[in-house]
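**Student:** show me the folded form of this:
(chains A and B)
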Amino acid sequence: MGGYLPSIADGLAQTLPDGAVGRKVHLELSWKQMAQRLFSARVFPAHASALVLCMAFVGCSGKPRESRPERRVEMFPAAEKSEPAAAPAEPVEPLAASDTKPDIKPDSKDVAIVLDSGEDAVSLVDLREYKEISKFHIGKEPHHLMATPDDRFLIVANAVSNNLVFLDPHSGEIQRRIANISDPYQIGFSPDRKWFVTVSLRLDRVDIYKADDFSLVKRLVVKKAPSHLIFDAASANVFVTLQDSNEIAAIRLSDQTLLWKMPVGKTPAGIRMTPDDKHLLVGIMGSNYVEVVDWRTRKTVKKVVTAEGAHNFLPRGDGKNVFVSNRVAGKVCELDENSLTVNRCFDVPGGPDCMEVTKDGTELWVTSRWVKKVHVVDIATGKMKKIIPVGRSPHGVYFFGHAARS
Amino acid sequence: MGDDQFDLLAGWIYEHAAQPALYKLGLIGLDELAFDGITFFLYGLAQILLIYILVRPLESMFPAEEWKSRKGTRVDIVYTLLTRLGLVPLLLFFVLMPVTSGLDEWLRLHNLLPRELELLSPWLLANPLPSFFLYLVAIDFSNYWRHRLQHRLEIWWKLHSLHHSQKMLSLWSDDRNHLVDDSVTWVWFAMVTALIGIPPAQFIWLVAASRAVESLSHANVRFGFGPVGDRILVSPKFHRMHHSIAAGKAGCNFATLFPIWDILFGTADFQHHAVATGVNPVDDYPEGYLAQQWVGVKRLFGAK
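**Tutor:** Down below sits the predicted model:
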């Protein structure tokens, strides 16, 4: 230690090349000289300018503190510290076999669960106070979430952590983790509860698992950039949007075979099956419309103009209408699934993405990716009701007391 | 918190400038990458300003070397701006993405999923700060060995000597690297990521922490952190020895952040004598940015 090159300094006189001769090193200065240097006309103005710019950035001269929304963020709820969830690959409890959901009712402690893809966290938001009440680390890049078919758990897919985290759908408390689920960007259960499918946008893959034990059945390479997925009513096929090749793909589940691909508009994102099982609705993010595809004949039957950056879908819960988020325009449009026409659009700024509707059908909650907010819209009027500050990149959103998914 | 302001500013710029442009260009699929890029740019800009404010006065007050002119440091400012404002990383991302992504894809296709350090303990899983520190240490350990290889392998040294060729070592010198050297470092980092995972949310702070220390350690200042501090964190005195002409290719003090690696592996030199920095004439580089890049390429193909 300390003697690796003992001769370096001592031998400098011999080893210095010509260019280094005469360089004055290790200068000693008095405090007065130092002060003179610091405030010299050449250096000080640059320092001062940089300081002002920096202050502007870090918010020293930003908006007044009192105007900031109050945030009482508890990073790690006590419940998580003792949770068994940290142990990966715990045995998986099978999903309820019955087609009917158990009688689980919303309770007063229900919270909105908001994924933050940018901070690897989950925010819990008080549904009545419209405030983030706690926040905890969940895993790397959580993008999407969905309830298990029996509604007993909420699954968060951590794309970069390669795992699924099961939460209590009421409180958001972690229940368990399942490891070795490779890069689950989007996830979905087939309606018959036999299959669990994940897509990996980054790795061009669709993975098909058995839904009862999450064992991998088939890994398909499906290029490029599989983004969102949906099943047909019979659970025979899963349809996937391919964001970078401007296509949708159909995969038969019984033998896990890629059946076909067909071209659609630029950068297809969200995909939804109409309630009559006839048409696929595809959000064309690179344009301003929803493409309606008859998946049996593989033909586009209509293009419904919504707004720029058509992205994702969520049914209003009235069995008739579906909301479409439009990321570029900053709008959410309501689309009538029977007539395939747009009823209305309203403003939701900041890159609207995933959505959730309250059980009473009065509020639409929308995550806005670029502005660290969840926007709550009064569905009746289309007006903004509340703006909830959350983490860096809010993405998936869920609450137990949500409207019907139809 | 400042990061709130940064994120909101990044969001505003993205929503009102970058996103409409991407949409018009038919590149909306790059939206999340662009958003991260803008954030990276803003953090880099703030970092440059902060380092200038904090470290530049130290160079005036406690210079290790007396310079009549700082002209020789200008090319390093170019390197710093290109790297920390994101242009070099962006270039490397697009050029090397097929390589790193291919590696990741292959590993996952064979069910070789990256391990995560925080899975070592439930406590780490629930506490980002210790897990951040763990990643910082692990990455620094890998950087120590990368740095030793940069000196040990002849072909890599031909490029890395560009970093050492600066005689006027200053707060701007950290990013003075050949693009090919940067590329190999990028691939190295991707391999480390494949081994231990990398927390995306912490990535920007891992980079920021490393760069803050590295800017200071390259600064033209003559102080260290004391006998104990010098052994905990890489100080300007400690790193100046690494850049000494005499150390050259053989090198000493390879650590980026934590000198513990040099202590453990016998490459530490805490003598802190006054040393002139640079390389021997055979390894020297011309002064301009493009000329340096060109000479590096020629040396790769055997030119002297």
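**Student:** got the contact list for the residue lying closest to B:D7 once chain neighbours are set aside?
**Tutor:** Excluding its sequence neighbours, the residue lying closest to B:D7 (C-beta to C-beta, 6 or more residues apart in numbering or on different chains) is A:R392, at 5.3 Å. For the C-beta atoms, the positions are set from N, CA and C on the backbone; glycine is no exception. Counting by C-beta atoms under 8 Å, 6 or more residues apart in numbering or on different chains, A:R392 makes contact with A:D116, A:G118, A:E119, A:K372, B:D7, B:A201.
**Student:** check what pLDDT the first one gets.
**Tutor:** What the model reports for A:D116 is a pLDDT of 92.
**Student:** can you tell me how far it sits from chain B?
**Tutor:** 8 Å (C-beta to the nearest C-beta, to the nearest Å).
**Student:** which of the contacts of A:R392 are buried? Put it as a PyMOL command.
**Tutor:** Buried residues among those (16 or more other C-beta atoms under 10 Å in any protein chain shown), as a PyMOL selection:
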select buried, (chain A and resi 116+118+119+372) or (chain B and resi 7+201)
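**Student:** among the contacts of A:R392, which pair sits farthest apart?
**Tutor:** Spatial extent of the contacts of A:R392 (C-beta to C-beta) is set by the pair A:K372 and B:A201 at 13.6 Å.
**Student:** so the residue nearest to B:D7 sits in a strand?
**Tutor:** No: if the criterion is DSSP: H, G, I helix; E, B strand; the rest coil, then A:R392 is coil and not within a strand.
**Student:** quick one, phi/psi of it?
**Tutor:** phi -60, psi -40 (degrees, to the nearest 10).
**Student:** got it, and A:P268?
**Tutor:** Here is the backbone geometry of A:P268 (degrees, to the nearest 10): phi -70, psi 140.
**Student:** distance-wise, check it relative to B:L45.
**Tutor:** Noted for A:P268: a distance of 35 Å to B:L45, by C-beta to C-beta, to the nearest Å.
**Student:** what's the answer for A:D213, then?
**Tutor:** Per C-beta to C-beta, A:D213 is found 50 Å from B:L45.
**Student:** ok, those two, which is more surrounded?
**Tutor:** Neighbours around A:D213 and B:L45, counted as other C-beta atoms under 10 Å in any protein chain shown, are more numerous at B:L45. The numbers are 18 against 13.
**Student:** does the helix or strand where that one lies reach chain A?
**Tutor:** For B:L45, the host element (DSSP states H and E) is helix B:31-61. Yes: Helix B:31-61 is in contact with chain A by C-beta under 8 Å from any C-beta of the partner chain, via B:31, B:35, B:42, B:45-46, B:49-50, B:52-53, B:56-57, B:60-61.
**Student:** who touches the nearest residue to A:D183 once chain neighbours are set aside in this structure?
**Tutor:** Closest residue to A:D183 apart from its sequence neighbours, by C-beta to C-beta, 6+ apart: A:S200 at 3.9 Å. By C-beta under 8 Å, 6+ apart, A:S200 lies in contact with A:A159, A:S182, A:D183, A:P184, A:Y185, A:V206, A:D207, A:P226, B:R108.
**Student:** pull out the buried residues from these.
**Tutor:** Buried residues within the contacts of A:S200, counting neighbours by 16+ other C-beta under 10 Å: A:A159, A:S182, A:D183, A:P184, A:Y185, A:V206, A:D207, A:P226, B:R108.
**Student:** closest to A:G401 out of those residues?
**Tutor:** A:G401 lies nearest to A:P184 out of the buried ones among the contacts of A:S200, by C-beta to C-beta, at 25.8 Å.
**Student:** B:W188 versus the closest one, what's the distance?
**Tutor:** 28 Å.
**Student:** again with A:C354
**Tutor:** From A:C354 to B:W188 the distance is 36 Å (C-beta to C-beta).
**Student:** do the same with A:G401
**Tutor:** Counting by C-beta to C-beta, the gap from A:G401 to B:W188 is 50 Å.
**Student:** same deal with B:V75?
**Tutor:** Separation of B:V75 from B:W188 (C-beta to C-beta) stands at 25 Å.
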